[in-house]
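K.L.:
3D model of this:
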Amino acid sequence: MSWFPEFESPDRLWALLLIPVFIVVYLIFLRMKKRFSMRFTNTGLLKRVARSQRRWTRHVAVALSLSSLAVLTLAWAEPLGVDKVRRERATIILMIDVSQSMQATDVAPSRLEAAKQEARRYVESLPEGYNVALIELSGSPNLRMPPSVDRGVVLRAIDALTLSDGTAIGDAIAVALDALRLAPDADGDKGVPALAVILSDGANTDGADPLAAADQAKDILPIYSIAYGTENGYVDIDGKREPVPPDYDLLEQIAQRTKGKSVSADSAQALRDAYQELDSAYAYEDVKKPITGQYVLVALAFAILAAVGAVLMASRWPR
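P.N.:
Residues are numbered from 1 along each chain as shown. Below is the predicted model:
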C-alpha cells in the first residue's frame, strides 16, 4: 500500500487539518488536568506511580485514535493504486532483415530462419486484439503485410520471406511509419499504442540514414531491435568466405533514439529471452484502481489497538 498515492477526491483531504486541532485540544486538556491535580499534595507514592503508568497508556491510545482518523480520511479521499494489466490493443510492426548476411549459420539454423521461427512464436503469443504488420527489410524495404489481426495471414507472410540483396534500415523505418497510419482504429480510438521490432544483424548498406530516420520516429514509434549473429559469423559468396559481423552499435542507437531497447540474439535461447523481455516491457500498461479497502483495514487496525489501550487504561482506573 502506497502512503502517497493519487486520489479520486483530493478535495476531501481537508479533513486532515482536524488532526493538529485535536492534538492541540488534547495538550490543552493535559495542561488543565495537571494544574488541577497540583492542588492535591497528599497523593501517595503508589498513586503517583499508577498515574504515570496510565499516562503513557493514554498517550498511546490517543495517538492510535488519531492515526486511525488520519487513515480513514485518506480512505474517504478515495486513493488510487496502480496495477499492471495486459494491453488489449496495440500495433506491432515487425521488420525482418532478409539480406544475404542473414544466411549466416552462427545462429542455428541460420540468422534468417531463427528470426522467422521466433517471430512466429512472438506473433502467436500476442493478444487477439493486437494488429501486426510485416516489413521485408532489404535494399528496397517492402510492406509485406499491412496491420492486421489475422494471425494466419501474418504467419504465412513470415514463412514466405526469402533472401534478398541489401539492407536499408532507414527506408524500412519510413515504411513502418507509413504502415502505422494504416492501422485500424476500433471505435474511433486514436490512442492505440504501437512499436516496431527490427530483427537484423544491423549491417546497413543502402538507403536513407538510419539514425536520421530514427529521429523522425522518436515521438511516434518506439523501435526495439534484436541483433542477430556473432563476431565470427560469415557467409559463402561465390566460393569465397565473407565475414558478416553484426552492427550492434547501430541497432542500439536506433533503439535509444526512439525510446526502445536493443538486445542481442546470438543463440536461440538468447532470442527467446529477448522476446520475453520485449513482452514484459511493452505488453502491460499501468492502470489505476481504487485501493480504499486497504486504507480502511489499516484504520481498523489502529482503532482496535486504540480500543485495547482504552480498556487497559480503564482497568487501572482508581476506585
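K.L.:
Sketch out the low-pLDDT regions of the stretch 201-319 of the chain for me.
P.N.:
With pLDDT under 70 as the threshold, the stretch 201-319 of the chain has low-confidence stretches at 266-285, 312-319.
K.L.:
which residues of it fall in helices?
P.N.:
Here the stretch 201-319 of the chain has its helices, by DSSP state H, counting those that start in this stretch, at 210-217, 248-257, 268-282, 292-315.
K.L.:
List the buried residues for the longest one?
P.N.:
Yep, that's helix 292-315 we're talking about. Neighbour-count burial for helix 292-315 flags 292, 294, 295, 298, 299, 302, 303, 305, 306, 309, 310, 313 (criterion: 16 or more other Cβ atoms under 10 Å). Backbone N, C-alpha and C define where each C-beta goes, glycine included.
K.L.:
Can you redo the residues you listed as TSV, where the extra columns are distance to residue 208?
P.N.:
TSV is the format used below for those (distance: Cβ to Cβ, whole Å):
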residue	distance to residue 208
292	53
294	53
295	55
298	58
299	61
302	64
303	67
305	68
306	70
309	74
310	76
313	79
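K.L.:
ok, how many other residues are close to residue 82?
P.N.:
Counted by other Cβ atoms under 10 Å, the residues lying close to residue 82 total 14.
K.L.:
How about residue 218?
P.N.:
Residue 218 has 16 nearby residues by other Cβ under 10 Å.
K.L.:
Pretty sure it sits against residue 256.
P.N.:
No - with the criterion set as Cβ atoms under 8 Å, residue 218 and residue 256 do not qualify as a contacting pair; they are 9.5 Å apart.
K.L.:
what's the closest of the buried residues of helix 292-315 to residue 139?
P.N.:
Distance to residue 139 across the buried residues of helix 292-315 (Cβ to Cβ) is lowest for residue 294, with 57.6 Å.
K.L.:
Next one, pLDDT for residue 91 please.
P.N.:
In the predicted model, residue 91 carries a pLDDT score of 86.
K.L.:
Against residue 116, how distant is it?
P.N.:
20 Å (Cβ to Cβ, to the nearest Å).
K.L.:
just residue 158 next, same as before
P.N.:
From residue 158 over to residue 116 (counting by Cβ to Cβ), the distance is 5 Å.
K.L.:
of these two, who's got more company?
P.N.:
For residue 158 versus residue 116, the count of surrounding residues by other Cβ under 10 Å is larger for residue 158: 22 against 19.
K.L.:
buried stuff in the helix or strand hosting the more buried one?
P.N.:
Counting by DSSP states H and E, the secondary-structure element that holds residue 158 is helix 151-159. Residues of helix 151-159 classed as buried by neighbour count (16+ other Cβ under 10 Å): 154, 155, 157, 158.
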